[in-house]
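curious how this folds, go ahead:
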Amino acid sequence: MLENVIIIGAGPAAYTAAIYTARAELKPLVFEGFLAGGIPAGGQLMTTSEIENFPGFPDGISGPELMMNMRQQALNCGARIESKTIDRAGLSDSPFLVGCETEEYQCRSLIIATGATARRLKIAGEDRLWQKGISACAVCDGALPMFRNKPLVVIGGGDSAVEEALYLSKFASKVHLIHRRESLRASKAMQKRLLENDRIEIVWNHIPVEAVGDKFLTGVKIRDVKDHSEKIIESSGLFYAVGHIPNTIFLNNQLEMDDLGYIVTRAGTTHTSKIGVFACGDVQDKRYRQAITAAGSGCMAAIDCEHFLSEE
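Below is the predicted model:
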């Protein structure tokens with residue numbers, strides 16, 4: 001069966017694209033994946049306990065509840081959702097081909113919303129305390145009550161790490177920026193802002209080795225890279241700022257991507273380098289990475305896709 005549109009992904013971008021394409025009577029087929037990358041259908045928000053900055057929920061909402069609401073809304077609008085992980089794609093000619101294990105599907109248009117996975121450090125205690133004090137998004141979680149007026153730790157040395165530390169300094173009693181080297185990779189302007197902030201302390205030449213705590217994070221054990229001595233920094237929050245990995249390996253470089261592996265889209269649109277293929281959400285957005293911006297780009301992809309099919 002030739003599908004009008006196939007959507008790959010499970011998160012705000014994918015489910016929003018499904019809602020819009022279903023309402024446009026395109027009968028979208030969504031592959032939300034089955035524990036793709038070790039993350040359940042719904043994307044990274046499935047591991048987020050509380051969301052306070054998604055419009056329309058003045059008292060906040062949990063990540064899993066928001067994703068299940070979006071998923072159900074897509075179903076109610078007429079989308080079909082399969083819990084299968086797409087592991088390959090053929091984009092050389094139209095109709096496009098996507099496959100999972102022994103099954104293959106053809107489509108006139110394709111929306112890719114597979115997101116990006118935060119790099120983890122694999123330190124002791126990380127799995128136990130993930131989203132119980134450990135986060136990869138300061139803007140998403142930093143203003144939560146559990147982090148306010150508490151000491152916090154940021155890991156990294158680039159612009160993202162500095163931005164996270166500066167953002168967290170609005171809420172924390174103290175921010176410790178842990179960096180393995182003696183100098184930062186961040187731009188000079190960002191470094192100047194960092195050094196002028198009296199709530200931020202840079203801990204040079206150290207790496208994290210353990211997240212300390214029982215039910216919630218209480219501290220971070222760090223190691224000096226020179227003399228290998230260790231100490232524990234008291235902290236209620238540990239924020240990783242060591243980058244994300246876009247989930248594009250199944251595409252086998254068939255689309256134009258930037259040097260970090262993010263899909264390149266035409267400015268102001270969701271069009272990729274292949275006509276009829278669209279990308280939305282964190283798989284093409286390395287700057288904002290928010291649920292609301294992902295949902296917005298999912299809407300854009302659906303509208304771009306609808307226009308493409310009508311012109312075709």
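
A301 is in contact with Y15, correct?
No. If you go by CB atoms under 8 Å, Y15 and A301 don't touch, sitting 11.7 Å apart. In short, each C-beta sits where N, CA and C put it, glycine included.

touching, A301 and C280? I think so.
Yes. Using CB under 8 Å, A301 is in contact with C280, at 3.9 Å.

for the two, list the residues in contact with both.
When contacts are counted by CB atoms under 8 Å, 6 or more residues apart in numbering, A301 and C280 have A13, A17, I111, A113, T270 as shared neighbours.

which one of those is nearest G33?
Checking the shared contacts of A301 and C280 against G33 with CB to CB, the nearest one is A113 at 10.7 Å.

distance of that closest one relative to V283?
6 Å (CB to CB, to the nearest Å).

common neighbours of the two, please.
In contact with both A113 and V283: G9, A13, using CB under 8 Å, 6+ apart.

more neighbours: which of these two?
Between A113 and V283, A113 has the larger neighbour count (other CB atoms under 10 Å), namely 32 against 29.

not counting its neighbours along the chain, what's nearest the more buried one?
When the adjacent residues along the chain are set aside, A113 lies closest to G9, with 3.3 Å between them (CB to CB, 6 or more residues apart in numbering).

how many neighbours does G268 have?
For G268, the count of nearby residues is 7 (other CB under 10 Å).

same check, this time on E103
Neighbours of E103 under the rule other CB under 10 Å: 10.

tell me the pLDDT at it?
Predicted confidence (pLDDT) for E103: 94.

show me what contacts it?
Neighbouring residues of E103 by CB under 8 Å, 6+ apart: K84.

redo that, cut-off 10 Å
Residues counted as contacts of E103 (CB atoms under 10 Å, 6 or more residues apart in numbering) are E82, K84, I86.

which of those has the most neighbours?
Going by other CB under 10 Å, I86 tops the contacts of E103 with 24 neighbours.

now the contacts of E103 in TSV, with secondary structure and distance to S135?
As requested, these are exported to TSV (DSSP: H, G, I helix; E, B strand; the rest coil; distance: CB to CB, whole Å):
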residue	secondary structure	distance to S135
E82	strand	31
K84	coil	29
I86	coil	28
